[in-house]
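Chemist: Build me a structure from this.
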Amino acid sequence: MTAITLSTIKHDNVVFVGTGGVSEGNRERGFRPAFLDAETGRIEIARFANGNPAPMHLIEGLPRDWAMKFDPAGRIMAIKASVVSGFVREGLFFTREEAAAATAQSVKLEACEASPIHPRIKTQSNRRRLSSRRWSVSRDQSSSTRLAS
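Modeler: A predicted model of the protein is given here:
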């Protein structure tokens with residue numbers, strides 16, 4: 001595995017363009033760009049260097065202990081390879097793939113529920129399956145206290 005850079009994130013955006021795997025494709029469904037360190041389970045909301053929440057994936061506001069490389073001014077240029085970009089929604093972490101799938105399923109469910117042919121299809125089992133994520137934001141994590149920001 002290699003370190004994650006801004007170029008890596010831009011590549012992921014190209015791969016997931018037009019899906020819920022990018023911020024503009026899922027923001028209105030309550031997803032917030034975030035990162036997960038798969039080694040520790042720590043989740044951090046994407047932030048600008050000044051600490052404010054970012055509307056897209058940025059590495060500049062991530063914890064310095066995740067950094068693998070800095071520029072001469074001290075800005076983070078690369079983060080460790082165990083960090084995964086994704087999204088947080090309702091306290092749960094979704095990888096880009098999971099967010100794309102959840103968004104696509106949500107769009108299909110809305111279309112079915114709006115259809116006069118298929119009135120109110122019951123989808124509790126699908127929703128339950130999507131919500132049983134392995135990673136959740138803990139109340140005692142420093143990043144989770146800022147989720148409401």
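
Chemist: so what's P33 closest to, chain neighbours aside?
Modeler: A46 (3.9 Å; CB to CB, 6 or more residues apart in numbering). Using the backbone N, CA and C atoms, a C-beta is placed for each residue, glycine as well.

Chemist: So which residues make contact with stretch 12-26?
Modeler: By CB atoms under 8 Å, 6 or more residues apart in numbering, the surrounding residues in contact with stretch 12-26 are 29, 31, 33, 55-57, 85, 87, 96-97, 99-104.

Chemist: and T8, that's in a strand?
Modeler: No - counting by DSSP: H, G, I helix; E, B strand; the rest coil, T8 is not found in a strand; it is helix.

Chemist: what's around D37, how many residues?
Modeler: D37 has 19 neighbours, counted by other CB atoms under 10 Å.

Chemist: With L6 instead?
Modeler: 14.

Chemist: What residues does it make contact with?
Modeler: Residues near L6 by CB under 8 Å, 6+ apart: L58, I59, M77.

Chemist: same thing with R96?
Modeler: Neighbouring residues of R96 by CB under 8 Å, 6+ apart: D12, F16, G21, V22, S85, G86, F87.

Chemist: does the fifth one have beta-bridge partners, and which?
Modeler: In this structure, S85 bridges to F35 when assessed by DSSP bridges.

Chemist: Assumed E98 was part of a strand.
Modeler: No - under three-state DSSP, E98 falls outside any strand and is assigned helix.

Chemist: pLDDT score for it?
Modeler: If you check E98, the pLDDT there is 93.

Chemist: Turn the contacts of L6 into a markdown table, including distance to T5.
Modeler: Shown next, in a markdown table, are the contacts of L6 (distance: CB to CB, whole Å):
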| residue | distance to T5 |
| --- | --- |
| L58 | 12 |
| I59 | 7 |
| M77 | 7 |
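
Chemist: Most neighbours of all those, which one?
Modeler: I59 (25 neighbours).

Chemist: Report whether that one is found in a helix, as I expect.
Modeler: No - judged by three-state DSSP, I59 forms no part of a helix; its state is coil.

Chemist: That one against T8, yeah?
Modeler: No - using CB atoms under 8 Å, I59 is not in contact with T8, being 9.0 Å away.

Chemist: what's stretch 65-82 in contact with?
Modeler: Under CB under 8 Å, 6+ apart, the answer for stretch 65-82 is 1-6, 35, 37-39, 44, 49, 59-60, 62, 64, 83.

Chemist: All good on my end, thank you.
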